[in-house]
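Trainee: Based on what follows, work out the 3D shape:
(chains A and B)
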Amino acid sequence: AQSVTQPDIHITVSEGASLELRCNYSYGATPYLFWYVQSPGQGLQLLLKYFSGDTLVQGIKGFEAEFKRSQSSFNLRKPSVHWSDAAEYFCAVGWFGGKLIFGQGTELSVKP
Amino acid sequence: NAGVTQTPKFRVLKTGQSMTLLCAQDMNHEYMYWYRQDPGMGLRLIHYSVGEGTTAKGEVPDGYNVSRLKKQNFLLGLESAAPSQTSVYFCASSYTPGGDKENIQYFGAGTRLSVL
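Mentor: Take a look at the predicted model:
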């Protein structure tokens, strides 16, 4: 069965520090991969997606993610975190015309 | 640009009461989805629809019903609310024929439901 794992429930980083959020998936083929962000009390906003091609994808707000097929991973990175990045981040896998499967989410806190 | 609109934003029910959550999208999307979000569990799919007049069960459909009478609307019903249905409910929509192939889902702001 398809599944998505985000191993870190909560991460705290200092403002200006780099960030990496982990995401591993289990799927029979190369899925579509997504990262969404949810600010407190808000809906989910798409940060970036991987469909095919270049395995390093750029998203909004300075985020990027790298698809590694050999590791079944799609980790999210940002070189310098801002206080406004504090939110919950969700990794998801899907396929054309189908449903999305979400990970459990990683809550990011940013220290001044 | 309204996107995906959910009503109401908040609701408190007593056990056994019924209610309907409304989701409306103005992006001419074919597919619509209802999720529930619970702490530590991410988003779980309740029901979804791949077109007007069609619905299908997701991962956690028990206790919920849905209807898609119009393409732009997707209703989620709770016939007899239970405390286990206390959650945040999100609606999403995706896929315009001839549009993106990656099934990008666009989400509403959510409905916070408490069942006492």
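
Trainee: ok, what's across the strand from the spatially most central residue of chain A?
Mentor: For chain A, the residue nearest the mean C-alpha position is residue A:35 (3.7 Å; Cα atoms, centre = their mean). Counting by DSSP bridges, residue A:35 forms beta bridges with residue A:48, residue A:91.

Trainee: Do a quick rundown of the helices in the chain.
Mentor: All of this refers to chain A. With DSSP state H as the criterion, chain A has no helices.

Trainee: these two touch, right, the residue nearest to the centre of chain A and residue A:88?
Mentor: No - contact criterion Cβ atoms under 8 Å: residue A:35 and residue A:88 do not qualify, at 11.4 Å. C-beta here means a position set from N, CA and C on the backbone, and glycine is covered the same way.

Trainee: who does the spatially closest residue to residue B:38 that is not a sequence neighbour bridge with?
Mentor: Distance criterion Cβ to Cβ, 6 or more residues apart in numbering or on different chains; nearest residue to residue B:38, sequence neighbours excluded, is residue B:87 at 5.4 Å. With DSSP bridges as the criterion, residue B:87 is bridged to residue B:113.

Trainee: do you know how far residue B:87 is from residue A:50?
Mentor: According to Cβ to Cβ, to the nearest Å, residue B:87 and residue A:50 sit 29 Å apart.

Trainee: give the contact list for residue A:26.
Mentor: With contact taken as Cβ atoms under 8 Å, 6 or more residues apart in numbering or on different chains, residue A:26 is in contact with A:1-5, A:72.

Trainee: and those residues as a markdown table, adding pLDDT, neighbour count and distance to residue B:79?
Mentor: Output for the contacts of residue A:26, formatted as a markdown table (pLDDT from 0 to 100; neighbours: other Cβ atoms under 10 Å in any protein chain shown; distance: Cβ to Cβ, whole Å):
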| residue | pLDDT | neighbour count | distance to residue B:79 |
| --- | --- | --- | --- |
| A:1 | 72 | 6 | 29 |
| A:2 | 79 | 14 | 30 |
| A:3 | 88 | 11 | 31 |
| A:4 | 93 | 24 | 31 |
| A:5 | 95 | 14 | 34 |
| A:72 | 92 | 16 | 40 |
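
Trainee: Include distance to chain B when you put those into a markdown table, please.
Mentor: Shown next, in a markdown table, are the contacts of residue A:26 (distance: Cβ to the nearest Cβ, whole Å):
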| residue | distance to chain B |
| --- | --- |
| A:1 | 11 |
| A:2 | 11 |
| A:3 | 11 |
| A:4 | 8 |
| A:5 | 10 |
| A:72 | 18 |
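
Trainee: Residue A:32: neighbouring residues, count only.
Mentor: 20 (other Cβ atoms under 10 Å in any protein chain shown).

Trainee: OK, contacts around the most centrally placed residue in chain B?
Mentor: Nearest to the geometric centre of chain B sits residue B:34, at 2.6 Å (Cα atoms, centre = their mean). Shown in contact with residue B:34 (Cβ under 8 Å, 6+ apart): B:21, B:23, B:45-48, B:58, B:64, B:66, B:74, B:76, B:89-91.

Trainee: do the same with residue A:65
Mentor: Residues near residue A:65 by Cβ under 8 Å, 6+ apart: A:33, A:35, A:47-48, A:50, A:56-57, A:59, A:74-77.

Trainee: Most neighbours among those, which one?
Mentor: Neighbour-wise, those (other Cβ under 10 Å) top out at residue A:74, 29 neighbours.
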